[in-house]
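**Q** 3D, please:
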Amino acid sequence: MKGRFTVNGAHAVARTLLECGVEICFANPGTSELHFVAALDDEAALRAVPCLFEGVATGAADGWGRMTGRPAATLLHLGPGLGNGLANLHNARRAHTPLVNLVGDHAVFHKKYDAPLESDVDALAGTVSGWVRRCEDPATAGSDVAEAVAAATGAPGQVATVILPADVSWSEGARPAPPVAVRPPATVPDQTVADVAEALGGGEPAAILLGGPATREPALRAAARIAAATGARLLCETFPARLERGAGLPAVERLGYLAEGAMAQLRDVRHLVLAGARAPVSFFAHPGLPGPLAPDDCRIHTLATADDDAAAALGRLADTVAAGAVPVLQAAERPEAPSGALTAESAAAAVGALLPEGAIVVDEANTSGLWLPGATAGAPRHDWLTLTGGAIGQGLPLAAGAALACPDRPVLCLEADGSAMYTLSALWTHAREGLDITTVIFSNSAYAILRMESQRLGTSADGPARRDLLDLSRPRLDFVALARGMGVPATRATTAEDFTAQLRTALAEPGPHLIEADVPPLF
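**A** Numbers count the residues shown, from 1 in each chain. This is a model prediction of the structure:
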């Protein structure tokens, strides 16, 4: 087991994962993966977390990777299992999360029979993975997995997928492999820093758009120094993978989701500096609106790409243009506990009033989350995880992975009702693992974001198809019953006072809780 003797492929894979620093596997196995399940019994240090749906496994692995910077593994069953996990792998890809997929497949000799579960696993994996390898020899199983971990972990982080045929797992002749060197982020050239410094020193309106690791504290402080010295506006991506925020940290304005709002934020900007972010574009095409969001006369300067060491580049830029400058930090302030009607706005005030220090906030509140950034800006420092790829059904699984990654920190999952139904079975994992997650379901009985988009597109006529497809009230979803059915204590709030009291109780008690917040739709 330690490498002196050969083992079967599954045991070599499990031991290699551990030796490469992977310590958790989110699993929904099938027949082709049972030899790996047996190997997990012999490698107790590799924690196995069962998930009832593959999209929960992949979303949880995303949450783990965002909070630790290290990959989790997933265990998925053939092409259909991988297919079930694709949406949250898409979000992980956009977040540059390090993640290793282990996808079982038919035995090599069985592929030719086109069995019922046969599919093109390689093609499916390629849609969301930056690195894919099919292992067809137990002798290479260990080294293939070691290379996958290195590929996932190397800058800027990516999804790496190893396809393991069943006979590779059960066959002898494999050996565990040692870790492979990880690709570090690239150093930004001095000339690039000098060019950006010159652009910022010209006196024209400028903005700095942060993304990736640049939304963490060291980079935020450097960027805030630059902004203080040059007058540049400080922005971050619409959906950052992990934004550190709260009292004592620089306040960063997120770029608006709606193209009109983002264009207004950038209207007067003549120099846009990208630090770990890409040039902003609209989420969708809309009649009469451009795809690129920066003004036509705005020059875009790339200080650092996702592959680069953006934090170091911002530090060097700050030393060049902002020597002695002091960053402006967010003051400590909280809204008052709300009273009266429960709305998205009053719920946000309650979250801001009660958010505990060190919390991890998973935000898939969608339209009901409009007031959350403002209400929580001055709360004790916390992390904010968002829907990076726009594929809904991320929140509940992401919260599971974040809670397992940081068991000493409370997790608050703010979830839209329609999005929650995509991966509701994650609540079972919350309960089974005893995770300290408070989930708030904003229950407005509608796909309100689609109602909003329908109005923007001019297709908002209230016909029967629109009413049927964008309405969730017939029948009304009962999240209290659904949560309790999976072992999560749950309550329903209908007033601001109810919600505040229930949230205070849930945050104070360990373990999972769910609050169904009955709020009216905004659209």
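**Q** For the stretch 351-500 of the chain, just list every one of the helices.
**A** 372-376, 395-405, 417-420, 426-432, 448-457, 464-469, 479-485, 496-508 (DSSP state H, counting those that start in this stretch).
**Q** and the first one, which residues are buried?
**A** Under the neighbour-count criterion of 16 or more other CB atoms under 10 Å, helix 372-376 has Leu372, Pro373, Ala375, Thr376 buried. No exception for glycine: its C-beta is placed from N, CA and C like everyone else's.
**Q** Just flag the most distant two among those residues.
**A** Within these, two members stand farthest from each other by CB to CB: Pro373 and Ala375, at 7.4 Å.
**Q** Show me where this protein dips below the pLDDT cut-off.
**A** 1-5, 460-461 (pLDDT under 70).
**Q** count of neighbours near Gly214?
**A** Careful, residue 214 is Ala and not Gly. 30 (other CB atoms under 10 Å).
**Q** can I assume it is in contact with Gly276?
**A** Yes - Ala214 is within contact range of Gly276, at 3.8 Å (criterion: CB atoms under 8 Å).
**Q** Residues that sit against both of the two, list them.
**A** Ala304, Ala310 (CB atoms under 8 Å, 6 or more residues apart in numbering).
**Q** Neighbours of the residue lying closest to Tyr422 once chain neighbours are set aside, how many?
**A** Sequence neighbours aside, Gly393 is the residue nearest to Tyr422 in space, at 2.8 Å (criterion: CB to CB, 6 or more residues apart in numbering). A count of nearby residues for Gly393, using other CB under 10 Å, gives 25.
**Q** which residues touch Pro179?
**A** Glu19, Cys20, Gly21, Ala146, Val149, Ala150.
**Q** Give the buried residues for stretch 486-504.
**A** 486, 488-493, 496-500, 502-503.
**Q** outside of it, which residues touch it?
**A** With CB under 8 Å, 6+ apart, stretch 486-504 has contacts from 337-343, 346-347, 349-351, 353-354, 424-425, 427-428, 430-432, 438-440, 479-481, 483-484, 511-518.
**Q** which stretch among the helices of the stretch 351-500 of the chain comes nearest Ala92?
**A** Of those, nearest to Ala92 by CB to CB is helix 395-405, at 9.3 Å.
**Q** helices or strands up against that closest one?
**A** helix 54-68, strand 360-364, strand 411-416, helix 417-420, helix 426-432, strand 437-443 (3 or more CB pairs under 8 Å, 6 or more residues apart in numbering; DSSP states H and E).
**Q** quick one: contacts of the shortest one?
**A** Taking contacts as CB under 8 Å, 6+ apart, the residues outside helix 417-420 that touch it are 364, 366, 392-396, 441-447, 472, 477, 479.
**Q** Can you give me the first-to-last residue distance of stretch 441-459?
**A** Start and end residues of stretch 441-459 are separated by 28 Å (CA to CA, to the nearest Å).
**Q** and it, how far from the chain's centre?
**A** Computed by CA atoms, centre = their mean, to the nearest Å, the chain-centroid distance of stretch 441-459 equals 23 Å.
**Q** do the same with stretch 151-165
**A** In terms of CA atoms, centre = their mean, the centre of stretch 151-165 is set 16 Å apart from its chain centre.
**Q** now the helices for the stretch 201-350 of the chain?
**A** Under DSSP H, counting those that start in this stretch, the stretch 201-350 of the chain gives helices at 217-230, 259-266, 310-321, 344-354.
**Q** can those go into TSV with extra columns for mean neighbour count?
**A** Converted to TSV, the helices of the stretch 201-350 of the chain look like this (neighbours: other CB atoms under 10 Å):
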stretch	mean neighbour count
helix 217-230	23
helix 259-266	17
helix 310-321	23
helix 344-354	23
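**Q** In a markdown table: the ones you listed, plus distance to Ile208.
**A** Putting these into a markdown table (distance: least, CB to CB, whole Å) gives the following:
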| stretch | distance to Ile208 |
| --- | --- |
| helix 217-230 | 6 |
| helix 259-266 | 12 |
| helix 310-321 | 8 |
| helix 344-354 | 26 |
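**Q** Select, out of these, the one closest to Thr187.
**A** Between the helices of the stretch 201-350 of the chain, helix 310-321 lies closest to Thr187; by CB to CB that is 7.1 Å.
**Q** What's the local residue count around Asp42?
**A** 13.
**Q** Please, which helix or strand holds the closest residue in space to it that isn't next to it in sequence?
**A** Excluding its sequence neighbours, the residue lying closest to Asp42 (CB to CB, 6+ apart) is His11, at 6.5 Å. Assigned by DSSP states H and E, His11 belongs to helix 9-19.
**Q** Give me the residues contacting that helix.
**A** For helix 9-19, using CB under 8 Å, 6+ apart, the contacting residues are 1-3, 7, 25, 35-36, 38-40, 42-43, 45-46, 73, 100, 102, 135, 138, 141-143, 145-146, 149, 162, 164, 168-171, 174-179.
**Q** ok so, going back, and the residue nearest to Asp42, how close does it get to Gly231?
**A** 60 Å (CB to CB, to the nearest Å).
**Q** Pick out whichever of these two has more residues nearby.
**A** His11 (26 against 12).
**Q** roughly how far apart are that one and Leu522?
**A** For His11 relative to Leu522 (CB to CB), the value is 54 Å.
**Q** picking that back up, show me which of the buried residues of helix 372-376 is closest to Met263.
**A** Nearest to Met263 among the buried residues of helix 372-376, with distances taken as CB to CB, is Pro373, at 19.0 Å.
**Q** show me the contacts for that closest one.
**A** Arg254.
**Q** rerun at 6 Å
**A** Shown in contact with Pro373 (CB atoms under 6 Å, 6 or more residues apart in numbering): no residues.
**Q** With adjacent residues omitted, what lies nearest to Val22?
**A** Ala73 (5.4 Å).
**Q** Count the residues that sit near Asp471.
**A** Residues within reach of Asp471, counting by other CB under 10 Å, total 13.
**Q** what's the closest non-adjacent residue to it?
**A** Using CB to CB, 6+ apart and skipping residues adjacent in sequence, the residue nearest Asp471 is Ala446, 5.9 Å away.
**Q** Go ahead and confirm Ala483 touches Ile515.
**A** No - applying CB atoms under 6 Å, one finds Ala483 not in contact with Ile515, separated by 9.3 Å.
**Q** among the contacts of helix 9-19, which ones are buried?
**A** 7, 25, 35-36, 39-40, 43, 46, 73, 100, 102, 135, 138, 141-143, 145-146, 149, 162, 164, 168-171, 174-177.
**Q** still on that earlier bit, buried ones among the contacts of stretch 486-504?
**A** Using 16+ other CB under 10 Å, the buried members of the contacts of stretch 486-504 are 337-338, 342-343, 346-347, 349-351, 353-354, 424-425, 427-428, 430-432, 438-440, 479-480, 483-484, 511-518.
**Q** so who does Gly434 touch?
**A** Going by CB under 6 Å, 6+ apart, Gly434 touches Gly511.
**Q** Let's see that with 10 Å instead.
**A** Ala403, Pro407, Gly487, Pro510, Gly511, Pro512 (CB atoms under 10 Å, 6 or more residues apart in numbering).
**Q** do you know how far it is from Ala197?
**A** In terms of CB to CB, Gly434 sits 51 Å off from Ala197.
**Q** which non-adjacent residue is nearest Ser171?
**A** Pro138 (4.4 Å).
**Q** now Gly231
**A** Leaving aside its sequence neighbours, Gly231 sits nearest to Ala206 (CB to CB, 6+ apart; 7.3 Å).
**Q** same check, this time on Gly212
**A** Gly276 is the one closest to Gly212 (CB to CB, 6+ apart), at 3.6 Å.
**Q** Phi and psi next, for that neighbour.
**A** phi 80, psi 0 (degrees, to the nearest 10).
**Q** Surely it touches Ala312?
**A** No - in this structure, Gly276 is not within contact of Ala312 by CB atoms under 10 Å, at 11.2 Å.
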